[in-house]
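K.L.:
Here's a sequence, model it:
(one chain, ligands or ions: 1)
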Amino acid sequence: MLYLFSVQSIAYTFLAFIAFIVFRTIYRLYFHPLARFPGPKFAAATTLYNAYYDILDSGLIKRLPDMHKKYGPIIRIQPNEIHVSDIEAYNQIFKVGAPFDRVWHDNPFLSGSLQSLTTLSETKRRKEFFNPFFSKAAILRVEPYLHRQKLSQFLTTLSSAATANEGKGTVVDFWLAFRCLTMDTVMDYCFQKDMAALNEPGFKSKIVEDIAEGAGLAIVATYFPRFFSTVNSMIEALPESMVEKYFKPVFGWNCAQRSLERQMQNPELADAKLPTMFDRMLRPDEKKGQVTPSDHDMIADAVLMIAAGMDTTANCLGVVLWHVTQDPKVEQKLVEELKRGIPGNEEIVSSAALEGAEFKYLQAVVKEGLRLAYGVPGRIIRKVPKGGATVLGEYVPGGVQITSGIYMHNTNETAFPDPFKYDPERWMCDEETYRQRERYMNSFSRGSRSCVGINLAYAELHLTVAHLFRRFQITTTGYTTEADMEWNDCFVPVPNGRIRGLAKMRED
Ligand code: HEM
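P.N.:
As a prediction, this is how the structure comes out:
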């Protein structure tokens, strides 16, 4: 009897569940406030549609251009989410001060950080600490002690690889090398903390490998935030040796986190002559109503800087290296310009000089790399304010998620004819065309939530690309394939393979 009862109750529960799914699907398809928006029916019925393409395929974002061609400029891509393809609508949602708050998918490593703040007012208060720290003037002021030194270490380690084998060179894993560079730079710039990844022969840094390998999970975590939070707490409760062996990304993050915690508790560990990111937070301007964030939130911000600054910049360097080495004309023009502007092979010039009139082609090479590296291609989501908003002439109710992916704008066919071709010449144009193209190029996002690290990123990119190609001849053909460079949208693009190349010293 007891057995029967339990079988019956399981059956009833199952039927109730099926009924719930059926009613919910009918509601979503025919009675939901977004029911009138066009788009695939499956996407309107369940988030599994998005999840399928984001987790099991290379990302929904890559399907959106075709979906927009079929259904129009404003489409429903999830039961409660709208995607718009039009640049004016993008500007409406992402302009400075726009009332569309960020949608935050809980992430155990970043909760409490700037990125987890959703409203404009909270964001503005926290950004007051960051904006002066990442200003162009601040970046230039410390450049001789920091990012230029990191660049020198990068070039030295690369020289060792390039002069090995009696000068025949060695194959270098540039995927890892660029991550060592960007990780060491961010850690040094923000916290005066030397992770010394660049000193590892052949850039074989374990901590960078461990942290970088976790990037692929970021998008999965946005669909199952509670599950990932719980699993993360369980992993953290395990003995350290097990975490190191079986859960490498978590271990890498924990190491970075502990090291930052140590530094926060012992501020004297920082070199007093240069500020760290925490200095300003620990000395808030009370007249402006600033308050020091909690220790937890400052640590979360520190972790955010690594997460936001490492892969994005390294991805762009990888894209530039790949395309430049695949096109002899581009490489020749770049190297000629660099030889004119940097006569001595061993010389290091400042990022300010590299952003001047003598290096226009270098700037175009970097800009085109940023365009095709996409920054955060798809998942930057906003919430329609209470009371709703009119977007592209359509009323969208309050509370609905809305977005417009960077990938779509960076590959807009009108702004960038033959959009997937890497062509720095697009940026060697008249001012009006340049401005038009810039409106579509949104790799750093726009508005109140745009990238706070943009100046540091540009300095790193110009410095690295200039000195890399000035000093080294790199062959990627035969060591990297088109398929390796294909990417999956994991919040940031994660390439299928690693970019590797044979590095040799340039003779003149
Ligand atoms: C090529 C390099 C980079 C690209 C393409 C890039 C791109 C972006 C994008 C698209 C966003 C918006 C993400 C969102 O709204 O969810 C963003 C946010 C952010 N970036 Fe960058 N980024 C780069 C480098 C850096 C660096 C070097 C740092 C600092 C060390 C940094 C720090 C941040 C922070 C803190 C945010 C969060 C801003 C907020 O939530 O309001 N980024 N970045």
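K.L.:
which regions of the protein sit below the pLDDT cut-off?
P.N.:
Within the chain, the ranges that satisfy pLDDT under 70 run 1-5, 266-273.
K.L.:
In the stretch 351-500 of the chain, which residue sits nearest the ligand?
P.N.:
residue 453 (2.1 Å; C-beta to the nearest ligand atom). Where C-beta positions appear, they are placed from N, C-alpha and C, glycine not excepted.
K.L.:
who are the neighbours in contact with the nearest residue to that residue once chain neighbours are set aside?
P.N.:
Distances taken as C-beta to C-beta, 6 or more residues apart in numbering place residue 309 nearest to residue 453, at 5.2 Å, with adjacent residues excluded. Residues in contact with residue 309 (C-beta atoms under 8 Å, 6 or more residues apart in numbering) are 182, 185, 186, 453, 456, 457.
K.L.:
which SS state does the residue of the stretch 101-250 of the chain found nearest the ligand fall under?
P.N.:
For the stretch 101-250 of the chain, the nearest residue to the ligand under the criterion C-beta to the nearest ligand atom is residue 115, separated by 4.0 Å. When classified by DSSP: H, G, I helix; E, B strand; the rest coil, residue 115 comes out as helix.
K.L.:
who wins for neighbours among the contacts of residue 309?
P.N.:
residue 182 (31 neighbours; other C-beta atoms under 10 Å).
K.L.:
What residues of the strand or helix carrying it count as buried?
P.N.:
Element membership for residue 182 (DSSP states H and E) is helix 174-191. Across helix 174-191, burial judged by 16 or more other C-beta atoms under 10 Å covers 174-191.
K.L.:
is the ligand contacted by it?
P.N.:
Yes - applying C-beta under 6 Å from any ligand atom, one finds helix 174-191 in contact with the ligand at residue 186.
K.L.:
just to revisit the earlier point, element containing the residue nearest to residue 453?
P.N.:
For residue 309, the host element (DSSP H and E) is helix 295-326.
K.L.:
now that helix, how far from the centre of its chain.
P.N.:
6 Å (C-alpha atoms, centre = their mean, to the nearest Å).
K.L.:
again, but for stretch 341-355
P.N.:
Distance, centroid of stretch 341-355 to centroid of chain: 27 Å (C-alpha atoms, centre = their mean).
K.L.:
tell me the angle the helix holding residue 182 makes with helix 295-326.
P.N.:
140 degrees (axes from the mean of the first three to the mean of the last three C-alpha atoms, to 10 degrees).
K.L.:
Helix 174-191: what's the following helix or strand?
P.N.:
Downstream of helix 174-191, the next assigned helix or strand under DSSP H and E is helix 206-213.
K.L.:
ok, and what's touching the next helix or strand after that next one?
P.N.:
Remark: after helix 206-213, the chain's next helix or strand is helix 218-223, criterion DSSP H and E. Applying C-beta under 8 Å, 6+ apart, the external contacts of helix 218-223 come out as 47, 50-51, 54-55, 59, 105, 107, 228, 379, 489-492.
K.L.:
change it to 10 Å
P.N.:
Here helix 218-223 makes contact (C-beta atoms under 10 Å, 6 or more residues apart in numbering) with 47-48, 50-51, 54-55, 59-60, 103-110, 214, 227-229, 231-232, 249, 307, 311, 378-379, 381, 488-492, 494.
K.L.:
Quick one: residues contacting residue 502.
P.N.:
161-162, 165, 168-172, 472-479.
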